[in-house]
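Peer 1: Give me a model of this one.
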Amino acid sequence: MNLAATQTPRRRGISDPTAVGGLVLGGDYQGLAIARSLARSGFPVSILDDERSIARVSRSVQRYERVADLRDERATVDAVLAAGRRAGLHGWVLFPTRDEQVAAFARYRDELTGFFRVPTPEWKVARRVWDKRETYELAKELSLPIPGTWFPRSEDEVREIPTDRPLVIKPAIKEHFFYDTGVKAWRAENRDELMMRYREAAAVVEEGEVIVQEMIPGDGESQFSYCALFKEGRGIAEMTVRRLRQHPSDFGRASTFVETVDCPPIVEQSRSFLEAIDYYGLVEMEYKRDPLDH
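Peer 2: Sure thing, here's the model as predicted:
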């Protein structure tokens with residue numbers, strides 16, 4: 001997009017059969033940002049949501065539809081196809097905003113591509129980043145640096161984990177944990193806290209889905225992300241950023257202040273990982289620099 005342009009591109013409406021636009025799933029801050037970006041470039045936008053989110057009142061959105069469920073994969077696919085047929089959105093691009101939606105699009109990609117453009121990889125690729133056990137195992141195979149990481153399946157295995165530094169208890173599959181707890185992870189300062197949090201996590205997720213990981217110290221100065229449109233082994237468009245502020249401050253769900261930075265090591269490591277799984281689509285990979293490594 002030419003940022004120096006002085007005229008706004010003409011927007012074609014949803015009723016225009018020649019229009020190609022974006023069907024965005026979820027209307028919170030991610031969905032709203034996508035809608036605004038598309039609208040600035042002249043593309044019509046439709047929002048499909050299962051929550052009462054802010055994008056419904058945005059002037060960037062031409063159509064908003066509330067549905068019952070965008071968490072279950074099959075229900076999501078059925079809702080997307082039904083909404084597309086009702087509004088005549090054939091050939092439009094799907095924009096998921098949550099992990100479970102990416103998983104749904106990946107599993108049912110063949111079914112969806114008969115009607116939509118689907119900018120997500122196939123399931124055999126997506127599962128390598130959806131299930132963080134596979135993510136960390138592949139990182140080890142590629143000799144990419146990760147914190148000390150354990151996949152305990154019992155309290156006895158938890159007792160064998162060293163606690164020389166604070167630990168993080170997190171899920172292998174985010175949505176199996178987040179909707180029950182309202183958080184992405186828990187912090188444990190000592191062995192008693194570790195055992196208590198492990199028991200709480202094990203009661204929420206399926207067996208074997210609890211991950212225990214070393215807590216990397218530091219605030220936003222240490223947090224980075226690699227963002228890209230990745231295709232055929234390379235970043236078609238890419239940037240690295242420092243996530244200076246986030247909310248919540250410990251295990252953030254949203255960044256509130258971000259700056260672009262040059263960070264070649266992150267670019268190299270991200271490209272190596274994404275090329276190894278033949279990734280296609282939009283991606284953000286998060287990093288935290290360990291001060292003890294310097």
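
Peer 1: what about residue 274, neighbour count?
Peer 2: Look at residue 274: counted by other CB atoms under 10 Å, it has 25 neighbours. Glycine gets a C-beta too; all of them are placed from N, C-alpha and C.

Peer 1: where in the stretch 101-250 of the chain is pLDDT low?
Peer 2: Applying pLDDT under 70 to the stretch 101-250 of the chain flags residues 247-250.

Peer 1: got the residue ranges for the helices in it?
Peer 2: Per DSSP state H, counting those that start in this stretch, the stretch 101-250 of the chain carries helices over the ranges 109-112, 123-130, 132-141, 155-159, 175-181, 191-202.

Peer 1: can you list contacts of the fifth one?
Peer 2: Meaning helix 175-181. The list of residues contacting helix 175-181 from outside it, by CB atoms under 8 Å, 6 or more residues apart in numbering, reads 71, 98, 99, 100, 170, 171, 184, 201, 204, 205, 206, 209.

Peer 1: CA atoms only: put it into PDB for me.
Peer 2: C-alpha atoms of helix 175-181 as PDB (Å, rounded to 0.1, in the frame of the first residue of the first chain):
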ATOM      1  CA  GLU A 175      -7.500 -23.200  24.200                       C
ATOM      2  CA  HIS A 176      -7.700 -26.300  26.300                       C
ATOM      3  CA  PHE A 177      -6.500 -24.200  29.200                       C
ATOM      4  CA  PHE A 178      -7.200 -20.500  28.600                       C
ATOM      5  CA  TYR A 179     -11.000 -20.700  28.600                       C
ATOM      6  CA  ASP A 180     -11.100 -22.500  31.900                       C
ATOM      7  CA  THR A 181      -8.500 -20.400  33.700                       C
END
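
Peer 1: If we go by neighbour counts, what in it is buried?
Peer 2: 175, 177, 178 (16 or more other CB atoms under 10 Å).
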